[in-house]
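Undergrad: pasting a predicted model and its sequence here:
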Amino acid sequence: MRFYCLHYSVRKNNTLDDYFEIFPENQIISNESLQLSPPDDKKPSKKIEKKEVVELVEKILIEHRKYVPDRKNENTLLFGNLIINDETGELRAGRIGKEKTEEVPSYDEKDSIFEEDVQLQYPNVIFVWDRKRQMIAIERDKRKFPTEENLYKAIEKHINRYLIKIGWSAKINPIYTEETFWEIVDSKKKIKQIEFVIDMPNLFGLTNLPLKKYMDKLNQTTNAISLKSAIVNEIGGLKISKENKEIVEAVEWVNTAEGSWKIETDDDSYTSNQTIIYVPIKKQRKDVKNKEDIEEIIEIVGKKYDQETRK
């Protein structure tokens with residue numbers, strides 16, 4: 001098996017300040033149903049802390065195990081086989097699947113007729129969850145989920161359906177290999193454009209301090225979710241090196257799952273999504289049977305996650 005690493009972060013939406021204080025004591029991390037809108041006749045009673053929002057992300061997945069997308073061309077997402085720590089209540093693992101229909105040919109011997117029966121299928125993959133790292137790792141299986149981005153963006157949309165109502169939002173990004181960016185830059189003679197999408201700072205670290213201060217200020221004044229910036233030389237004359245502090249900072253920022261980059265050369269284009277980190281696990285899917293197996297996977301994937309995000 002192989003797993004790919006994702007980092008999830010939560011951010012405050014400045015346009016929804018009136019909804020920050022809607023939960024009574026301990027309700028966010030309780031097992032009761034989510035109450036995601038304030039009562040009409042009651043003022044908000046408790047301000048939501050940042051740590052509680054991270055816990056709430058898990059609660060959303062535990063309490064709401066089905067995501068029905070707005071777009072008809074997207075699959076319904078399902079969460080099941082959840083493993084939760086008995087002592088802390090932390091989500092540790094589970095399976096993510098999608099609902100899809102498939103036509104299965106059949107034959108009616110009595111009337112000698114071939115028919116097409118429509119059946120529901122539920123292809124699924126294993127995922128592991130680490131609250132401390134704010135890490136998600138998902139089993140890579142191209143047959144079930146051909147594109148990683150479609151899956152983790154669907155999870156993000158599902159979570160945000162609930163967080164947005166209380167003035168917060170979540171962002172999920174893969175962990176990339178920083179070296180690949182510089183390998184592409186060093187190997188190409190003509191670079192026409194480099195574009196960075198820089199997401200707003202994560203609330204719990206993993207951020208570059210000078211760039212974080214700038215992004216924090218920008219977020220406060222504009223309520224932006226991300227900043228898109230590009231440097232362009234249409235004849236392929238861009239000169240990029242590690243001596244350029246701003247470029248180095250942007251690459252490091254993306255590497256900690258806070259954005260993306262795209263490089264256009266005279267003959268091709270490259271994106272950070274092509275450099276997602278995969279972690280091999282010496283287990284077959286059928287061998288992942290209990291909590292001990294899950295904790296082993298979290299430990300292996302977590303070490304690689306730490307290695308790439310703390311350079």
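TA: Now that the structure is in, tell me what you want to look at.

Undergrad: please make it C-alpha for all contacts and neighbour counts, starting now.
TA: OK.

Undergrad: beta-bridge partners for the closest residue to residue 239 other than its chain neighbours, please?
TA: In this structure, residue 239 finds its nearest non-sequential neighbour in residue 191, 7.8 Å apart by C-alpha to C-alpha, 6 or more residues apart in numbering. Beta-bridge pairing of residue 191 under DSSP bridges involves residue 237, residue 265.

Undergrad: by contact count, what packs against the strand of greatest length in the chain?
TA: Using DSSP state E, we find that the single longest strand of the chain is strand 91-108. Counting contacts by 3 or more C-alpha pairs under 8 Å, 6 or more residues apart in numbering; DSSP states H and E, strand 91-108 packs against strand 76-84, strand 113-121, strand 124-130.

Undergrad: and those strands as CSV, adding mean pLDDT?
TA: Compiled in CSV, the helices and strands packed on strand 91-108 are given as follows (pLDDT from 0 to 100):
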stretch, mean pLDDT
strand 76-84, 95
strand 113-121, 87
strand 124-130, 97
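
Undergrad: quick one: closest of these to residue 51.
TA: Closest approach to residue 51 among the helices and strands packed on strand 91-108 (C-alpha to C-alpha): strand 124-130, 13.8 Å.

Undergrad: got the angle for the closest one vs strand 91-108?
TA: If you take axes from the mean of the first three to the mean of the last three C-alpha atoms, to 10 degrees, strand 124-130 sits at 170 degrees to strand 91-108.

Undergrad: and the helix or strand just after strand 124-130, average pLDDT?
TA: Per DSSP states H and E, strand 124-130 leads on to strand 135-139 as the next helix or strand towards the C-terminus. Mean per-residue pLDDT for strand 135-139: 96.

Undergrad: helices and strands around strand 135-139, which ones?
TA: Looks like strand 135-139 contacts strand 2-12, strand 124-130 (3+ C-alpha pairs under 8 Å, 6+ apart).

Undergrad: okay, which residue is most central for this structure?
TA: The centre of the chain sits closest to residue 172, judged by C-alpha atoms, centre = their mean, with a distance of 2.4 Å.

Undergrad: thinking it is in contact with residue 5, fair?
TA: No: counting by C-alpha atoms under 8 Å, residue 5 is not a contact partner of residue 172; they are 10.3 Å apart.

Undergrad: any chance of JSON lines for the helices and strands packed on strand 91-108, columns distance to residue 289 and mean neighbour count?
TA: As requested, the helices and strands packed on strand 91-108 are exported to JSON lines (distance: least, C-alpha to C-alpha, whole Å; neighbours: other C-alpha atoms under 10 Å):
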{"stretch": "strand 76-84", "distance to residue 289": "11", "mean neighbour count": "18"}
{"stretch": "strand 113-121", "distance to residue 289": "22", "mean neighbour count": "11"}
{"stretch": "strand 124-130", "distance to residue 289": "11", "mean neighbour count": "21"}
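
Undergrad: of the ones you listed, which approaches residue 260 most closely?
TA: strand 124-130 (22.3 Å).

Undergrad: separation between residue 118 and residue 71?
TA: Plainly put, residue 118 is 21 Å away from residue 71 if you go by C-alpha to C-alpha, to the nearest Å.

Undergrad: where does the residue nearest to the centre of the chain sit: helix, strand or coil?
TA: Under DSSP: H, G, I helix; E, B strand; the rest coil, residue 172 falls in the strand class.

Undergrad: report the contact partners of the nearest residue to it once chain neighbours are set aside.
TA: Spatial nearest neighbour of residue 172, chain neighbours left out: residue 8 (4.4 Å); criterion: C-alpha to C-alpha, 6+ apart. For residue 8, the contacting residues are 134-136, 170-173, by C-alpha atoms under 8 Å, 6 or more residues apart in numbering.

Undergrad: what sits against residue 82?
TA: So residue 82 contacts 62, 91-95 (C-alpha under 8 Å, 6+ apart).

Undergrad: now these as a markdown table including neighbour count and pLDDT?
TA: As requested, the contacts of residue 82 are arranged in a markdown table below (neighbours: other C-alpha atoms under 10 Å; pLDDT from 0 to 100):
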| residue | neighbour count | pLDDT |
| --- | --- | --- |
| 62 | 17 | 95 |
| 91 | 21 | 96 |
| 92 | 20 | 96 |
| 93 | 25 | 96 |
| 94 | 19 | 96 |
| 95 | 18 | 96 |
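
Undergrad: which residues sit against the strand or helix carrying residue 157?
TA: Secondary-structure assignment from DSSP H and E places residue 157 in helix 148-163. Defining contact as C-alpha under 8 Å, 6+ apart, one finds that helix 148-163 is touched by 36, 57, 60-61, 67, 69, 77, 140, 145, 168-173.

Undergrad: before I go, just wanted to say thanks for your time.
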